[in-house]
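A.B. asks: Please find the sequence and the predicted model below.
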Amino acid sequence: MWPYHLVMVEPRQLLRRDERRAQILETAAAAFSREGYAATSVEEVAQEAGITKLIVYRHFESKAELYTAILDQVGVRLAEEWNALPDPEHARGAALQTLLTVARELPDGFRLLFVHAAREQEFANFATEVRALQIGLADHILGDLIEEGPFRQWVVKMTIDYLIAAVLEWIDLGDREDDPWWVEKANVGLRAAVTAWVLPGTDWLPTRG
């Protein structure tokens, strides 16, 4: 009889550097979103990815750099989607679709950026900067509909909060095949709210013909 047991080991899949980096980011985003930054170790990320800790450190010098890279990845994708619009400076009604596209592509990273990062001391400033950019953009888009002042600031922030919360709930509850229908329905709700807040009879989102 053979003197020792043979253990079949699944060979590690060889990926290009960019593919491996993307895999690590996806795995880490899921782990951080599930367990939190402090409770998630690089070793755990490596284990979930099916690689060694050394390979993770070949791509990211530290756990903080890995977390930041996830936030950067989402931010870059949001900017790419927004800038690809025909007229991003006046793209009322396009924000939901832009956010949803990126949230479907990077769900855990999206959740890190818009939910968890603000609660992590090391990354709160990053989340604050992203929100400031959103506020500035929303304020620019709504600027011709409402006078400056506390109420305008409230409308802007409420609009952003609606957009983010709506997308986060939908990617958890909704079927991807229903996304076009949902975007239209969610925009109807947003249009009604902002119209009521701003001016009776003012329709700030384009309707589909």
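C.D. replies: Ah, there it is.

A.B. asks: Need the pLDDT of residue 90.
C.D. replies: Residue 90 is assigned a predicted lDDT (pLDDT) of 58.

A.B. asks: what's the answer for residue 197, then?
C.D. replies: Predicted confidence (pLDDT) for residue 197: 84.

A.B. asks: Not counting its neighbours along the chain, what's nearest it?
C.D. replies: By the measure of CB to CB, 6 or more residues apart in numbering, the closest residue to residue 197 outside its immediate chain neighbours is residue 155, 5.1 Å from it. Where you see a C-beta, it was placed from the backbone N, CA and C, and this is true even at glycine.

A.B. asks: give the contact list for residue 183.
C.D. replies: Counting by CB atoms under 8 Å, 6 or more residues apart in numbering, residue 183 makes contact with 96, 97, 100.

A.B. asks: host element of residue 38?
C.D. replies: Taking DSSP states H and E as the criterion, residue 38 maps to no regular element, lying outside all helices and strands.

A.B. asks: from now on call the first residue 13
C.D. replies: Sure thing, new numbering starts at 13, so read that last one as residue 50.

A.B. asks: For burial, what's the neighbour tally of it?
C.D. replies: Around residue 50 there are 11 other residues, counting by other CB atoms under 10 Å.

A.B. asks: Give me the pLDDT value at it.
C.D. replies: Note for residue 50: predicted pLDDT of 93.

A.B. asks: ok, the residue nearest to residue 209 - contacts?
C.D. replies: Residue 167 makes contact with 154, 158, 206, 209, 210 under the criterion CB under 8 Å, 6+ apart.

A.B. asks: Export the residues you listed to TSV and append columns for distance to residue 46, neighbour count and secondary structure.
C.D. replies: Converted to TSV, the contacts of residue 167 look like this (distance: CB to CB, whole Å; neighbours: other CB atoms under 10 Å; DSSP: H, G, I helix; E, B strand; the rest coil):
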residue	distance to residue 46	neighbour count	secondary structure
154	36	18	helix
158	40	19	coil
206	35	23	helix
209	37	18	helix
210	40	17	helix
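
A.B. asks: buried set for the helix ranked longest in the chain?
C.D. replies: With DSSP state H setting the assignment, residue counts place helix 162-185 as the longest helix in the chain. By neighbour count on 16 or more other CB atoms under 10 Å, the buried set for helix 162-185 is 164, 167-168, 171-172, 174-176, 178-180, 182-183.
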